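>>> Provide a 3D model corresponding to the input given below.
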Amino acid sequence: MFKKNIVLSISLLVSISFVIIGVMFNDWLGQKAQTFLDLAVTYFNWFYLLIGAFFVFLCFYLMFSKYGNIRLGKDDDKPAYSTLSWISMLFSAGMGVGLVFWGVTEPVNHYTNPPLGEGSSSQAASLAMKYTFFHWGLHPWALYALVALGLAYFQFRKNMPGTISSIFHPLLGDKINGPIGNTIDILSVFITAVGVASTFGLSTLQITSGMNTQWDVPNTLPIQLSVIAVGTVLFIMSSWSGLNRGIKYLSNLNMSLFFLLIIAVLFMGPTKQILEVLISSTGSYFGDIIPMSLRMEPYNSDANSWIGTWTVFYWAWWMTWAPFVGSFIARISKGRTIREFIIGVLFVPTGISFIWFAVLGGSGIHMIHNLGNTALQAAINADVNGAIFAFLSNLPLGPILSFITMILIFSYFVTSADSATMVLSMLSSKGNLDPPNKLKIMWGIITASSATVFLLAGGLDSVKTISIVVASPFAIILIFICVAILKELKREKQ
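Numbers count the residues shown, from 1 in each chain. As a prediction, the model looks like this:
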């Protein structure tokens, strides 16, 4: 297996080396990664903003263009999954853990430290929701959609291997089977492994924080490592059962718990204000999406720093997930037209995210701004990992809702990891849609070990920083992916 597959051999070697370096030199790794990240968001903020806006524009163009009727597969292929299961799976893989983690924290943070004007004001509250929608709206899903579209198109319509290098065939020809193609695939596999490990890290920090809040379980490194170990065993078992069982059933469970939590908070919280926040923030978002997408403040260093810390950081952060989420969405999207695919991937998850943030974030800001709950604000500032639990404790049936939330986080944890091991195995086995289970187990252990590196290197900050630094080269690859897709679609329609 290893001798005949150079992508698998080298990507495993690089990933294992990352784990070893992270364990032995975790302080050095964290410091160097932070230095690189500061350089990127300070001097290349314009680049990230431009390509983020371009991805959204390109998705809209493809959706309304003559290419929209092209099917991701043969002309008579039908979708492999029902629309509900399809949306559940792509949403669980693409956003689940992050939404739960930032659902209350980000809106409250923007309310306190807004991108413009005075903090803790009515204007700051409105801006907080609008910018939260912006960071979790069309831009990340446009990025995922383009990678997934390229993979699904070349794999199911052009009968090529399901690897990132296959997308480059219009540009490189048969060179994708040589060193250049192998380098692209190795980088994609490594970025996927690190991006998934960051999800493990975020989930673990939030689960242990919830356990500490609910049952006074010490939030220590041994407990965190125990959570990773249990989660690893569970997602390997789920991955072993296959896409049509483990991942599908867990994804449907996730969506059920997700909407149960939304409905509960909607009716226990300030219902009228939540609905007003949802409608007004959605309108503000679409009304200002172009100015926000290209906003820089060259004469205001504080405002420019905010953009780098949040918007530019997020655009870079989503790129760490692009190979993983794109590969998984492609895997489950055979048989859909390009127009149907982009509408589903771009708008449905965006709408669900808006509802989530309006319900949780809007309620959190209401408690602080309208009800003067300074204790909640202090709790969120003190521990971002436990922010959602601090928020839920202020609602009726708070302990029950917190318990449901922990189940949801853990289920998202297992689902994302489950999906990721399958994707890693696919990418490292020349696009095999049904990779061997021993390969899934191998990648599961490596990604769990990488998550341990993140925790050893300093928790949340290192999780975000190191993963973004590793994925930075993928920004260039994404541009060429867009060029390759357009070139091949034009050739097909000639």
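
>>> which residues touch Gly68?
Neighbouring residues of Gly68 by Cβ atoms under 8 Å, 6 or more residues apart in numbering: Leu62, Thr337, Ile338, Arg339, Ile342. Any C-beta I mention is one placed from the backbone N, CA and C, and that applies to glycine too.

>>> let's go with 10 Å and repeat that
Contact analysis of Gly68 by Cβ atoms under 10 Å, 6 or more residues apart in numbering lists Tyr61, Leu62, Thr337, Ile338, Arg339, Glu340, Phe341, Ile342, Ile343.

>>> How about Asn212?
Pro218, Asn219, Thr220, Ile223, Asp383, Asn385, Gly386, Phe389.

>>> what separates it from Ile445, distance-wise?
Distance, Asn212 to Ile445, using Cβ to Cβ, to the nearest Å: 27 Å.

>>> Counting neighbours, what do you get for Ala451?
29 (other Cβ atoms under 10 Å).

>>> Can you verify it is assigned to a helix?
Yes. The assignment for Ala451 is a helix, going by DSSP: H, G, I helix; E, B strand; the rest coil.

>>> biggest separation within the contacts of Asn212, which pair?
Based on Cβ to Cβ, the longest span within the contacts of Asn212 runs between Thr220 and Phe389 and measures 17.5 Å.

>>> Compare those two (neighbour count), which wins?
Legend: neighbour count by other Cβ under 10 Å for Thr220 and Phe389, higher for Phe389 (24 against 11).

>>> I figured Ile485 hits Ser166, correct?
No. With contact defined as Cβ atoms under 10 Å, Ile485 does not count as touching Ser166 (11.5 Å).

>>> so what sits against both of those two?
The contact lists of Ile485 and Ser166 share Gly150, Tyr153, Phe154, where a contact means Cβ under 10 Å, 6+ apart.

>>> Would you mind checking which of these is nearest to Phe267?
Set against Phe267, the nearest of the shared contacts of Ile485 and Ser166 by Cβ to Cβ is Gly150 (42.3 Å).

>>> what's the closest non-adjacent residue to that closest one?
Ile167 (4.0 Å; Cβ to Cβ, 6 or more residues apart in numbering).

>>> per-residue confidence for that neighbour?
Note on Ile167: pLDDT of 96.

>>> Please spell out the segments of the stretch 1-150 of the chain that come in under the pLDDT threshold.
1-4, 91-96 (pLDDT under 70).

>>> That one: helices as residue ranges?
Applying DSSP state H, counting those that start in this stretch to the stretch 1-150 of the chain gives helices spanning 6-24, 26-43, 45-64, 83-94, 96-102, 105-112, 122-135, 138-152.

>>> Please work out which of these is packed deepest.
helix 138-152 (a mean of 26; mean count of other Cβ atoms under 10 Å).

>>> Dump the C-alpha coordinates for that helix into CSV.
Presented in CSV, the C-alpha positions along helix 138-152 are these (Å, rounded to 0.1, in the frame of the first residue of the first chain):
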residue,chain,number,x,y,z
LEU,A,138,-22.0,33.2,2.1
HIS,A,139,-18.2,33.6,2.1
PRO,A,140,-17.2,30.3,3.8
TRP,A,141,-19.8,28.3,1.9
ALA,A,142,-18.7,29.8,-1.4
LEU,A,143,-15.2,28.6,-0.6
TYR,A,144,-16.4,25.1,0.2
ALA,A,145,-18.7,25.1,-2.8
LEU,A,146,-16.0,25.8,-5.3
VAL,A,147,-13.7,23.1,-4.0
ALA,A,148,-16.6,20.6,-3.8
LEU,A,149,-17.8,21.6,-7.3
GLY,A,150,-14.4,21.0,-8.8
LEU,A,151,-14.0,17.6,-7.2
ALA,A,152,-17.5,16.4,-8.0
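
>>> that older thread, would you mind confirming that the residue nearest to Gly150 makes contact with Leu486?
No. Look at Ile167 against Leu486 with Cβ under 10 Å: they stay out of range, at 11.4 Å.

>>> More neighbours: the two, which one.
Each of Ile167 and Leu486 has its neighbours counted (other Cβ under 10 Å); Ile167 has more, 30 against 16.

>>> and the more buried one, backbone torsions?
Main-chain dihedrals, Ile167, degrees, to the nearest 10: phi -60, psi -20.
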